[in-house]
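>>> Okay, sequence plus prediction incoming.
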Amino acid sequence: MIELMILGFLAEGPLHGYELRRKMAQLHGYARTFSDGTVYPAINRLVASGALAREMHPGHGAAQKGILRLTETGRERLRGLLRDADGYDITDTGRYFVVLAFLSQLPDPEERRAVLRRRLDFLDQPASFFYDGAHPLRAKEIEDPYRHGMLVIAKATSRAERAWLREQLDISTERHRP
């Protein structure tokens, strides 16, 4: 996800490393911060692979500032990551939101639709945070008020997301009621 965020934000235009890190933190939320020890090695790997170009410019005093720019190789890498998003990139909400944040960078509408379709297919599967064996428990089956609340919130969120996905995919909700 770090690589996807780096490539995605730089697809929108060149940035200084600290600006990039700030945008990444804002997108991913306060609960999952990124340290310099995580972000800068990823940037260095992308520079070494040719996905990013680093241009040095004068900064304050003797320090120079590096501006990062996406290369065509990086743009193709970004498109591949978006096009191939599957597994945890679809099932984990945080990871999926990162994919969704940059999905407009994928120029082919059918490839974007395929990613959205994978998410909708996942959301249409019965699931829960709590199970009785292989049976997913529903909110009405949970006595603990906080666990019950988790399921009520998750159901409302899932319903709203499925409605949005069907709208984006131009799918009638009458045909896909879980």
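Okay, I see it. Predicted, not measured: the structure shown is a model, and the values here were computed from it.

>>> how far away is G50 from R75?
The spacing between G50 and R75, counted by Cβ to Cβ, to the nearest Å, is 11 Å. Glycine gets a C-beta too; all of them are placed from N, C-alpha and C.

>>> If you could redo that for A51, that was the one I meant.
When A51 is compared with R75 (using Cβ to Cβ), they lie 8 Å apart.

>>> Which neighbours do those two have in common?
Jointly contacting A51 and R75 under the rule Cβ atoms under 8 Å, 6 or more residues apart in numbering are L7.

>>> before we move on, could you check phi and psi at D132?
Main-chain dihedrals, D132, degrees, to the nearest 10: phi -110, psi 90.

>>> for A134, that is, sorry about that
With angles defined as degrees, to the nearest 10, A134 sits at phi -90, psi 0.

>>> ok, it to R117 distance?
26 Å.

>>> Could you do D170 as well?
From D170 to R117 the distance is 11 Å (Cβ to Cβ).

>>> What are the structural domain limits within this protein?
The record, using automatic domain parsing to delimit domains, assigns the chain the ranges 2-81, 124-175.

>>> Compare D170 and R117 and say which is more crowded by neighbours.
R117 (16 against 7; other Cβ atoms under 10 Å).

>>> Per-residue pLDDT of that one, please?
As predicted, R117 sits at a pLDDT of 98.

>>> thought it was touching L169?
Yes - here R117 reaches L169: they are 6.4 Å apart, a contact under Cβ atoms under 8 Å.
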